[in-house]
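>>> No letters, just coordinates:
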């Protein structure tokens, strides 16, 4: 491995003041303005508890997309117990990976795009930041559109005259759809503009609120169906033998991991606020396997009860609430699923591009400006025109999403295997050619070439099988293929032609993740 002997410029710490707002970053005098703003700098105070992390994952899990994803696994021909096993195994894998990606950001107090500077270089880190930002921007539009569908139901039920707005459309979306979309767009932007503390309070409330309504929905459906009339065997098609079900269950596990791959990659944007890494891990335990198991049981129960109640299996909660056709149920259910979708949109698709786009030009783009760029871009993408088109999603989001695996693998290899969990935090904010993370003109060629090579393989595994009709199941594993290759290839390149610095754990400017506490 290469050893950097240059001494970084270390400015004296900035003393805390009563005027400093909670959560603000500490911008030291030696930091380069082209790489730094208050949003990207190491946090002055880390105050999130295990419950805050737990609530974050509740907002991520309790969504229309999460409900539909869990329910869609029955279409694979699996029995209910097999679906539950696949869900639990998949979410436990997510928990392990979330813990891995959480540690470097929690230890250093910096967001995902900044910690990537240690691996990709202070300028090269813009590549993963832009990729993740574009993915989040597209899904932000999709999730807002799905929430607008719930709001449409409320309008149609309580304002019958609004049905006339369905006859008028602009750019492929009805006038009513535009009204609902605009309401939610403005509401989310307003919440985001209030800052991370307001967002924390919202997700602390939103996750439990969705649970209350889901439990009420399950009780109502079970009472109406009669407990004896509910069958938990919801598998579609002919039952699979045990041997035949194994590869299908593995595909279901891969689907679960892929569903969470986006927020899992940039989880450091949230773990940086954790009081300690132990608190983050506890929050992940309760928010992922425990919470997801409870939510999955409610999902299976609600879906099972729709068969005797409505005469068909309904896995979409919006459609379930609409089928009840009771004013109070439609109002409560519609607003609840709007809240749930707003929750996942904020945590998964708004905050991520805010940090990512700010990282590209910190002097010109603040955290709030980066989020608004994503919000405006999500409208320009008109997600309602392509969300229902499998081919459009495959060749746009499918390609971008396939790059998440290599990005994850490269970061994990760089932090744990190559850097041995050591980061020179101050060097993440300097363009000094002698600094540790300047590499070659600000870019680590090993990381970039790894992303190009393994990204091409990952994209091919995601796009070609369904397009050619050959080994279509392979696309379910594109994240694992990309992650594994990214980790191994980057580690191998750093072994054969090392670029990342060898840091001394005793250096006071270095945070050693293997040591207890935060330096």
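Perfect, thanks for sending it. Everything quoted here is computed from the prediction, not taken from an experiment. Residues are numbered from 1 along each chain as shown.
>>> Most distant residue from the centre of this protein?
residue 228 (38.9 Å; Cα atoms, centre = their mean).
>>> confidence score at that residue?
As predicted, residue 228 sits at a pLDDT of 82.
>>> and residue 358, helix, strand or coil?
Under DSSP: H, G, I helix; E, B strand; the rest coil, the three-state class of residue 358 is helix.
>>> ok, how many other residues are close to the residue nearest to residue 385 when sequence neighbours are not counted?
Once flanking residues are discounted, residue 385 sits nearest to residue 172: 4.5 Å by Cβ to Cβ, 6 or more residues apart in numbering. C-betas here are computed from N, CA, C, even on glycine. Burial measure for residue 172: 10 neighbouring residues, criterion other Cβ atoms under 10 Å.
>>> Show me the shaky parts of the chain.
Within the chain, the set of residues satisfying pLDDT under 70 comprises 1-23, 64-72, 74-76, 232-240, 388-398, 517-519.
>>> Distance check, residue 199 against residue 109.
18 Å (Cβ to Cβ, to the nearest Å).
>>> do residue 498 as well
27 Å.
>>> Repeat that for residue 221.
45 Å.
>>> do the same with residue 422
Taking Cβ to Cβ, one finds residue 422 at 15 Å from residue 109.
>>> one step back: which ones are touching the residue farthest from the centre of the chain?
Residue 228 sits next to no residue when contact means Cβ atoms under 8 Å, 6 or more residues apart in numbering.
>>> With residue 207 instead?
Contacts of residue 207 (Cβ under 8 Å, 6+ apart): 54, 55, 57, 58, 59, 62, 343.
>>> Of those residues, which is the nearest to residue 45?
Residue 45 lies nearest to residue 55 out of the contacts of residue 207, by Cβ to Cβ, at 19.0 Å.
>>> Tally up the residues packed near that closest one, please.
27.
>>> Quick check: the gap between it and residue 414.
Residue 55 is 30 Å from residue 414, by Cβ to Cβ.
>>> related to what we said a few turns ago, residue 498 and residue 109: which has the busier surroundings?
A direct count of neighbours by other Cβ under 10 Å for residue 498 and residue 109 places residue 109 higher, at 23 against 14.
>>> tell me the phi and psi of that one?
When read as degrees, to the nearest 10, the backbone of residue 109 gives phi 80, psi 20.
>>> isn't it right next to residue 274, touching?
No - counting by Cβ atoms under 8 Å, residue 109 does not reach residue 274; the two are 9.6 Å apart.
>>> pretty sure residue 87 is in a helix, no?
Yes - Residue 87 forms part of a helix when assessed by three-state DSSP.
>>> Tell me how many other residues surround it.
Residue 87 - counted by other Cβ under 10 Å - has 25 other residues nearby.
>>> What residues does it make contact with?
Residue 87 neighbours (Cβ under 8 Å, 6+ apart): 70, 73, 252, 256, 292, 293, 296.
>>> Is residue 511 in a helix, a strand, or coil?
strand.
>>> Isn't it up against residue 108?
Yes - if you go by Cβ under 8 Å, residue 511 and residue 108 touch, sitting 5.5 Å apart.
>>> Check the secondary structure at residue 262 for me.
Per three-state DSSP, residue 262 ends up helix.
>>> And the strands in the chain, which stretches?
169-170, 173-174, 422-424, 510-512 (DSSP state E).
>>> Nearest residue to residue 287 in space, ignoring adjacent ones along the chain?
Residue 287 sits nearest to residue 57 (Cβ to Cβ, 6+ apart), 2.8 Å away.
>>> The one you found against residue 289, yeah?
No - the pair residue 57 / residue 289 is not scored as a contact, 10.0 Å apart, by Cβ under 8 Å.
>>> Have a look at these two and say which one is more surrounded.
Between residue 57 and residue 289, counted using other Cβ under 10 Å, the more crowded position is residue 57 (29 against 18).
>>> residues touching the more buried one, list them.
Taking Cβ under 8 Å, 6+ apart as the test, what residue 57 contacts is 207, 283, 284, 286, 287, 288, 291, 292.
>>> quick revisit: now for residue 109 and residue 274: what residues contact both?
The contact lists of residue 109 and residue 274 share residue 46, where a contact means Cβ under 8 Å, 6+ apart.
>>> Quick check: the gap between residue 127 and residue 133.
For residue 127 relative to residue 133 (Cβ to Cβ), the value is 11 Å.
>>> more neighbours, the two?
Neighbour comparison, residue 127 and residue 133: the larger count goes to residue 133, with 27 against 20 (by other Cβ under 10 Å).
>>> In space, what's closest to the more buried one - neighbours in sequence excluded?
In space, and not counting its chain neighbours, residue 133 is closest to residue 356: 3.5 Å by Cβ to Cβ, 6+ apart.
>>> Tell me if I'm right that that neighbour and residue 129 touch.
Yes - Residue 356 lies in contact with residue 129 (Cβ under 8 Å); the separation is 4.1 Å.
>>> Residue 146 and residue 202: what is the separation?
Distance from residue 146 to residue 202, by Cβ to Cβ: 18 Å.
>>> okay, the two: which has more neighbours?
Using other Cβ under 10 Å, the more surrounded residue of residue 146 and residue 202 is residue 146, with 24 against 20.
>>> Is the more buried one in contact with residue 342, as I believe?
No - using Cβ under 8 Å, residue 146 is not in contact with residue 342, being 10.5 Å away.
>>> Helices along the stretch 201-350 of the chain, start to end?
Along the stretch 201-350 of the chain, the segments classed as helices by DSSP state H, counting those that start in this stretch run 242-259, 261-265, 268-271, 277-285, 291-310, 317-324, 327-344.
>>> Against which helices or strands is the third one packed?
Other elements packing on helix 268-271 under the criterion 3 or more Cβ pairs under 8 Å, 6 or more residues apart in numbering; DSSP states H and E are helix 50-61, helix 80-108, helix 112-115, helix 351-360.
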